[in-house]
Structures are given as structure tokens and as C-alpha cells.
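Trainee: Mind folding the following:
(one chain, ligands or ions: 1)
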Amino acid sequence: MNDILAALGQSCRPLIICDIDEVVMEFLDPFQAYLASIEYRLHPDSFKLTGNIRRIADNVCATKEECAKFQEAFFAVQDQWQKPARNARIVLDGFKDDADIVFLTAMPPRHEIVRRALLDLHEFHFPMIATEDAKGPVAARLIGERGVPAVFIDDIHTNLHSVRTHAPGCLLINLMANDVFRALAPDPGERVVKARDWDHAGALIRAHFKAHA
Ligand SMILES: [Mg+2]
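Mentor: This next block holds a predicted model:
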């Protein structure tokens, strides 16, 4: 993270801080395919994983510990399953000459090497921070005191709210690749803008940068 902070410290360009799972890379579709390969299914009964994963053979619900184990196992082989979200790279590439782009993913850092390989395979050559810490304080450090316009994009409301608290001037965009679970998501709340897709997110980012140029 320190090298990313040092590079940003030299920059006066606008900043895009972007989540990965369900934002840049599909997570739920590939995770469902992975679960099917081990005879489990994720049922879209509500906006959560735990409690909605059941064994196909007998419909028995996976425990919280089992769900965590499935996610851990999936992250270890993510490069075999995950695909880019539609238009994510085209839209981000459209900003790369005029803005700094940093990925901020709530993934255990031990999976960083395989994730970096996955991102590079799909030509997302932007720096990445993998952390299990709250995203707000990290976003605030990335933005710093430089006074640049900043945007934070995530599918999970608690992450958006964390950044809302710690980086109050930042544009907050709620974006989620999976249509089924997006329809189940709670309202993201005050000051969070919902984007339909990456094209919509791109338009929101451009407007924010223009208004704060
Ligand atoms: Mg996510």
C-alpha cells in the first residue's frame, strides 16, 4: 500500500477507487458455478450468502463456517472461474489517461497473487490493495489532502457507508454486476448513487470530475 500512496502523493489527477468482486469481476455467477461443482447451490432468497447456500442432494443449509470455507476455497482458484463484469475494462480504460485508478478489495491478502494474475490476464493493470480492514479509512488515506475529486465504487452498502463517513467529499457509486442479487439489495441510503451498469457509472464519474475540475 505504501508504494501506491507514494505514487498518488505525486499526482494531482482525480482518483477512482474501485472494488473488484461484483464490480470489476463477476463474483456471484462464477461462485454459483463453483458451488455447483461441489454439489451446492446458492439460492437467491435474500441479499446474503450465509443461510442461502444449500447442499443439492438433501437441501441442507451450509453452516456459517462451511460458507466461509467455500469462499476461501473459491478465492484460491478464482482465476479458473471469475470473468470481467461487462464493460468494466472499456469504461476504466477511458479514464486511465486522466485519472488515477486503484482497486480496493475486501479479500484476505493471502490471495493477492492469484488475484493479481487474474486481473492482469484480463488487462486490468491497475494497482490493487487487498485488505480485510474497513474501506473508509483506506480510501481517506488514498485521497489524502490533495483536494482531487474522488470516486468510490462498490456493491456492498457497508463499504459505501464506511467511505461516506471517512471521505465525505467522495462520490459514492453503488454498482453490482449480478441482476438477481442487485434486485434484492437494500437501498444504499443517503448520498450513494445507484449505477445501472458500467456505462452509467462512467457517465456519473465524468460528470463528477467535470463539476469538480
Ligand atoms: Mg464487491
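
Trainee: going forward, measure contacts between C-alpha atoms and count neighbours the same way
Mentor: Will do.

Trainee: Can you name the residue of the chain nearest the ion?
Mentor: Asp21 (3.9 Å; Cα to the ion).

Trainee: That residue: what's its closest spatial neighbour, skipping adjacent residues?
Mentor: Phe27 (5.2 Å; Cα to Cα, 6 or more residues apart in numbering).

Trainee: Gln82 too?
Mentor: Gln82 sits nearest to Pro30 (Cα to Cα, 6+ apart), 5.6 Å away.

Trainee: Which element, helix or strand, includes the one you found?
Mentor: Assigned by DSSP states H and E, Pro30 falls within helix 28-37.

Trainee: pLDDT of whichever strand or helix holds Gly202, averaged?
Mentor: Applying DSSP H and E as the criterion places Gly202 in helix 198-211. Averaged over helix 198-211, pLDDT sits at 98.

Trainee: tell me which residues in that helix are buried?
Mentor: Trp198, Asp199, Ala201, Gly202, Leu204, Ile205, His208, Phe209 (16 or more other Cα atoms under 10 Å).

Trainee: Next one: the residue nearest in space to the middle of the chain relative to Val151, how far apart?
Mentor: Per Cα atoms, centre = their mean, the C-alpha nearest to the average position across the chain is that of Asp19, at 2.3 Å. Using Cα to Cα, to the nearest Å, one obtains 11 Å as the distance from Asp19 to Val151.

Trainee: and if you look at Leu121?
Mentor: From Leu121 over to Val151 (counting by Cα to Cα), the distance is 25 Å.

Trainee: Comparing these two, which residue is more hemmed in?
Mentor: Val151 (24 against 11; other Cα atoms under 10 Å).

Trainee: Torsion angles phi and psi at that one?
Mentor: phi -130, psi 140 (degrees, to the nearest 10).

Trainee: Would you mind confirming that it is in contact with Asn174?
Mentor: No. Applying Cα atoms under 8 Å as the test, Val151 and Asn174 come out as separate, 10.8 Å apart.

Trainee: element containing the residue sitting furthest away from the middle of the chain, please.
Mentor: Going by Cα atoms, centre = their mean, the residue of the chain most distant from its centre is Asp58, 33.0 Å out. Secondary-structure assignment from DSSP H and E places Asp58 in no helical or strand segment.

Trainee: Going forward, the N-terminal residue is numbered 29.
Mentor: With the count now opening at 29, the last piece we talked about shows up as Asp86.

Trainee: how is this structure carved up into domains?
Mentor: Under automatic domain parsing, the residue ranges defining each domain of the chain are 30-54+110-239, 56-108.

Trainee: Off-centre distance for the last one?
Mentor: Centroid displacement of domain 56-108 relative to its chain, using Cα atoms, centre = their mean, to the nearest Å, is 19 Å.

Trainee: Please see if it touches the ion.
Mentor: No. On the criterion Cα under 5 Å from the ion, domain 56-108 is out of touch with the ion, staying 9.8 Å away.

Trainee: so where is this protein shaky, pLDDT-wise?
Mentor: By pLDDT under 70, the chain has no low-scoring segment.
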